[in-house]
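*Asks:* Got a sequence here, can you model it:
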Amino acid sequence: MKNKIISLHNDGNIYYRQAMKKKHQGEYREALNLMTRALNEQEKREYISEYAYLLTLLGEYDKAENFILNHFASENFDTSFYYEISEMNVLIEDANKALLFGIMYADLHKDDAYYDDLLEMFTIGDYTYEELVEEAEEFVGQYVFQTYFMSGLIETSLDYLDTISYELSNKRMFRNMRGMALLFLNRFEEAEAVLTKLLQEDQTDMHALSHLTLLYFYTNRRDLYLKFLRHLEVVEPLDEDDRLKVGLVLNFLKQYKEAYQLLYPLYKKKYMVNFQLLHALSQSAYYSGYVEEAENYWKEMQLYNPLDEIHSPWKKEEATERLNYIIDEYLQSDDPHKRILGLFKSSIIRPEDVILGSPMWDLIDHFNNFEKVYTAFLFNHFQHKKFERLHEGLEVLSIDYLNRDDIMLGWIDEVTHLEMNGLLENQSGKVYALAYLYVYYPDSLMTEDLSEKYQIHKHKLEKAISVIKQNK
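*Replies:* Got it, this is the predicted structure:
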């Protein structure tokens, strides 16, 4: 029977033809599903192109562009992909991007026919061919770099700069981009060399000044940082682009009033209103005392890129206040178990970035080894069975009893004694913690209720209860 089965070689062409048929019929979603299947068989160039076009036709341009730029990078920055980006922008009627990416493609690949098509499609002013190419080079180079950079693909953005022409890469704008990428890759010596030279050539270069200020901040060179920060605070940026750069950097460095003074006029003029500007405005407005305005910027920001309110400046301030309370009440305690509880409480604070640079780390340096290892378990994903039981117990108890220090500290004490006496069997910390709760805080607690609420087999809970009673 098996000999009668015919195996068909499928390189995706069947799905591709079906997808193109659906596309011509205007059934774009079905066409996309078929093109996805074609791509899963083989990543042919025509499949890649049509997949991006279909996404664009379905109103998902950003996804389509990211898809093409990912292939552009993975194929050694093959500039023939500029053609697809041009065509995608024709579909969404973005004339500027369609024209400039198209000119770059036509120039690099000597496609005179496509250049003629562009001249027919778009109204172009009194520019020479050379002027159009120069404008396209600058726009495309800057756009591609910034797209990778803002997506967190900083190494890719730097690799891209290595592929553009020497003349283009030597322009001040692109040298600043290189310095910025090196800075954010922590390649500080290389970044400093690039940025210092730029500033020596032109002391009014706000981009170089801003990034050097950041560099000295990151590398803890306090004297230089303060010197450059003072310069940054008093200088008057020459244009909107410089004003935006300086404002964003000052906001990052927590110079909120100065940042707001620079950024608000840009918002008022509607100059490049985007997620980045609105996020910085929300922060700088809030810490400058303009709470209602900060909330309005945050709401408007959601239209560009939804972000959970937990990351808002007011929620971060609340989290910082909670962390400071934990530091004062728990982490500075003489009781090692209270310090353990403080570490646990600090690990569940959200957003997590409030603990970065916190004074808690200086305190932890002087903790005992047990507490340091638990810190590694919490923040560095260090695995250890002893800490798993302790932590699982704290997690389950924190659901209803986070603010009951008697219960939380009692569990830490209990699990420590159980470990020391060798009474712990192959049960999870969650089971032992609930058994501890049942034995020491029995009011209104029944094993059936605990078993059902926390999805634990009753016999496991009863076995753990007997261990806890034995240790009592």
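*Asks:* Please identify the buried residues of the helix ranked longest in the chain?
*Replies:* Ranked by residue count and defined by DSSP state H, the top helix of the chain is helix 129-150. Residues of helix 129-150 classed as buried by neighbour count (16 or more other CB atoms under 10 Å): 132-133, 135-137, 139-141, 143-145, 147-149. Every residue, glycine included, has its C-beta placed from N, CA and C.
*Asks:* What's the mean pLDDT across that helix?
*Replies:* In this model, helix 129-150 carries a mean pLDDT of 95.
*Asks:* Dump the C-alpha coordinates for whichever helix or strand comes after that helix into CSV.
*Replies:* Elements were assigned by DSSP states H and E; along the chain past helix 129-150, the next helix or strand is helix 154-161. Output for helix 154-161, consisting of C-alpha atoms alone and laid out as CSV, is shown next (Å, rounded to 0.1, in the frame of the first residue of the first chain):
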residue,chain,number,x,y,z
ILE,A,154,21.2,48.7,18.3
GLU,A,155,23.9,46.3,17.0
THR,A,156,22.0,46.0,13.7
SER,A,157,21.7,49.8,13.4
LEU,A,158,25.5,50.1,13.8
ASP,A,159,26.1,47.3,11.3
TYR,A,160,23.8,49.2,8.9
LEU,A,161,26.0,52.3,9.1
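*Asks:* And helix 154-161, how far out from the chain middle?
*Replies:* The chain centre lies 17 Å from the centre of helix 154-161; the measure is CA atoms, centre = their mean, to the nearest Å.
*Asks:* Show me what that helix is packed against.
*Replies:* Contacts defined by 3 or more CB pairs under 8 Å, 6 or more residues apart in numbering; DSSP states H and E place helix 154-161 against helix 61-74, helix 129-150, helix 172-184.
*Asks:* what is the orientation angle of the second one with helix 172-184?
*Replies:* Counting by axes from the mean of the first three to the mean of the last three CA atoms, to 10 degrees, helix 129-150 lies at 10 degrees to helix 172-184.
*Asks:* Provide the contact partners of helix 129-150 at residue level.
*Replies:* 65, 69, 72-73, 82, 96-97, 99-101, 103-104, 107, 124, 127, 154, 156-157, 160-161, 164-165, 168, 171, 173-174, 177, 180-181, 184, 276 (CB atoms under 8 Å, 6 or more residues apart in numbering).
*Asks:* With stretch 294-302 instead?
*Replies:* Contacts of stretch 294-302 from elsewhere in the structure, counted by CB under 8 Å, 6+ apart, are 267, 275, 278-279, 281-283, 285-286, 307, 309, 312-314.
*Asks:* mind running it again at 6 Å?
*Replies:* When contacts are taken as CB atoms under 6 Å, 6 or more residues apart in numbering, the neighbours of stretch 294-302 outside the stretch itself are Phe275, Leu278, His279, Leu281, Ser282, Ala285, Tyr286, Ser312.
*Asks:* Dump it to PDB, keeping only the CA atoms.
*Replies:* The C-alpha atoms that make up stretch 294-302 are tabulated as PDB, following Å, rounded to 0.1, in the frame of the first residue of the first chain:
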ATOM      1  CA  ALA A 294       1.000  64.700  32.900                       C
ATOM      2  CA  GLU A 295      -2.100  62.500  33.000                       C
ATOM      3  CA  ASN A 296      -3.300  64.000  29.700                       C
ATOM      4  CA  TYR A 297       0.000  63.400  28.000                       C
ATOM      5  CA  TRP A 298      -0.100  59.800  29.200                       C
ATOM      6  CA  LYS A 299      -3.600  59.300  27.800                       C
ATOM      7  CA  GLU A 300      -2.600  60.700  24.400                       C
ATOM      8  CA  MET A 301       0.600  58.500  24.400                       C
ATOM      9  CA  GLN A 302      -1.700  55.400  24.500                       C
END
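*Asks:* Which residue, neighbours along the chain excluded, lies closest to Phe252?
*Replies:* Computed as CB to CB, 6 or more residues apart in numbering, the closest residue to Phe252 that is not its neighbour in sequence is Leu214, at 7.2 Å.
*Asks:* what angle separates the strand or helix carrying the one you found from helix 172-184?
*Replies:* Element membership of Leu214, judged by DSSP H and E, is helix 206-218. Counting by the same axes, to 10 degrees, helix 206-218 lies at 10 degrees to helix 172-184.
*Asks:* Next, the buried residues of helix 206-218.
*Replies:* The neighbour-count criterion (16+ other CB under 10 Å) identifies Met206, His207, Ala208, Leu209, Ser210, His211, Leu212, Thr213, Leu214, Leu215, Tyr216, Phe217 as the buried residues of helix 206-218.
*Asks:* One more: stretch 192-209?
*Replies:* For stretch 192-209, by 16+ other CB under 10 Å, it's Glu192, Val194, Leu195, Leu198, Leu199, Asp205, Met206, His207, Ala208, Leu209.
*Asks:* same question, stretch 107-117
*Replies:* By neighbour count with 16+ other CB under 10 Å, stretch 107-117 contains the buried residues Asp107, Asp111, Tyr114, Tyr115.
*Asks:* Present these as a markdown table; the columns should include secondary structure.
*Replies:* Conversion of those to a markdown table gives the following (DSSP: H, G, I helix; E, B strand; the rest coil):
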| residue | secondary structure |
| --- | --- |
| Asp107 | helix |
| Asp111 | coil |
| Tyr114 | helix |
| Tyr115 | helix |
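*Asks:* Which of those residues sits closest to Asp405?
*Replies:* Using CB to CB, Asp107 comes nearest to Asp405 of the buried residues of stretch 107-117, at 70.4 Å.
*Asks:* For the residue nearest the centre of the chain, give me phi and psi.
*Replies:* Using CA atoms, centre = their mean, the residue of the chain that lies closest to the mean C-alpha position is Gly152, 6.9 Å off. Main-chain torsions, Gly152, degrees, to the nearest 10: phi 80, psi 0.
*Asks:* distance of Lys97 from Phe122?
*Replies:* As defined by CB to CB, to the nearest Å, Lys97 lies at a distance of 11 Å from Phe122.
*Asks:* er, Leu183 I mean
*Replies:* Remark: distance between Leu183 and Phe122 (CB to CB) = 38 Å.
*Asks:* Between these two, which is the more surrounded one?
*Replies:* For Leu183 versus Phe122, neighbours defined as other CB atoms under 10 Å are more numerous around Leu183 (22 against 14).
*Asks:* my guess is that one meets Glu190, correct?
*Replies:* No. At 9.0 Å, Leu183 and Glu190 do not qualify as touching, with contact defined as CB atoms under 6 Å.
*Asks:* Now do the helix-or-strand element of the chain with minimal mean pLDDT: distance to the chain's middle.
*Replies:* For the chain, counting by mean pLDDT, DSSP states H and E, helix 447-453 ranks last in confidence among helices and strands (a mean of 76). On the basis of CA atoms, centre = their mean, helix 447-453 sits 40 Å off its chain's mean C-alpha point.
*Asks:* What of stretch 93-106?
*Replies:* Centroid separation for stretch 93-106 versus its chain: 30 Å, with CA atoms, centre = their mean.
*Asks:* cool, and stretch 167-184?
*Replies:* Computed by CA atoms, centre = their mean, the separation of stretch 167-184 from the middle of its chain amounts to 23 Å.
*Asks:* Mind listing residues that contact that stretch?
*Replies:* With CB under 6 Å, 6+ apart as the contact definition, stretch 167-184 has outside contacts at 137, 141, 145, 154, 157-158, 161, 190-191, 194-195, 198, 207, 211, 215.
*Asks:* Identify the farthest-apart pair in those.
*Replies:* Based on CB to CB, the longest span within these runs between Glu137 and Leu215 and measures 28.2 Å.
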